[in-house]
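got a predicted model here, sequence first, then my questions.
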Amino acid sequence: MIVPKKIKKAYPQVAASPPEVRKNFAGDSKSSPVWFVPTVPPAPPTPPLGDGKVGLGTIWVHIMIIPVADQYGDPLDALYQGVSVAEFLGNNWVNINQPLAANGTYKDPVGVYSIKDPLDYIADAGSPEEANWLAAPIPAMPLTPLDPQSIRVSIAGHEIEPITTRQVIPSKVSGVERVRIKWQ
């Protein structure tokens with residue numbers, strides 16, 4: 001039996017550069033980026049979204065293409081195409097809504113995420129408030145470096161190796177927002 005086992009190669013280092021995706025978004029448990037409930041400090045307490053609700057936020061991310069290998073070190077084949085990829089976020093496994101492709105890779109949006117406003121970031125899906133947020137100017141990116149994070153990954157219910165550690169380092173140089181991703 002062939003099972004997902006490990007990252008095929010090390011994640012690439014990303015030099016400080018403008019993020020590939022920079023936008024306001026309305027997220028829920030089915031979106032990418034996924035809206036999840038952080039439950040561990042230092043993340044602010046975020047209530048779960050009710051049915052028909054979306055969380056409003058902004059992202060500044062690079063899209064990483066992550067190759068996954070089986071237990072023999074070979075790329076996963078089309079057998080696993082479309083299966084879910086989950087990350088252990090807070091205290092739970094969360095589907096990141098980036099399914100495995102036929103060539104054994106998945107896309108991982110990595111960078112800076114920020115909620116709209118701590119007091120006013122949940123809206124009705126399809127509401128004028130959501131539409132206004134999506135059309136609003138993108139706010140300034142927070143420039144505080146994130147602490148290194150060890151991210152556990154599971155594919156089709158199989159936790160894969162290694163547990164990766166990454167640090168996202170935002171900066172602004174000559175008015176240009178940049179995101180550096182450092183893997184350890």
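Nice, thanks for sending it over.

now do the helices in the chain.
Using DSSP state H, the helices found in the chain span residues 128-135.

low-confidence regions, it specifically.
Counting by pLDDT under 70, the chain shows low-confidence ranges at 8-12, 36-48, 118, 162-163.

can you tell me which strand in it is longest?
With DSSP state E setting the assignment, residue counts place strand 53-70 as the longest strand in the chain.

for this protein, which residue occupies the most central location?
Taking C-alpha atoms, centre = their mean, the centroid of the chain lies closest to residue 109, which sits 4.5 Å from it.

could you report the distance from the closest residue to that one other than its chain neighbours to residue 154?
Of all residues not flanking residue 109 in the chain, residue 61 sits nearest, at 4.2 Å (C-beta to C-beta, 6 or more residues apart in numbering). Using the backbone N, CA and C atoms, a C-beta is placed for each residue, glycine as well. Counting by C-beta to C-beta, to the nearest Å, the gap from residue 61 to residue 154 is 21 Å.

out of those two, which sits in the busier spot?
Legend: neighbour count by other C-beta atoms under 10 Å for residue 61 and residue 154, higher for residue 61 (20 against 17).

please report how far residue 144 lies from residue 152.
Separation of residue 144 from residue 152 (C-beta to C-beta) stands at 24 Å.
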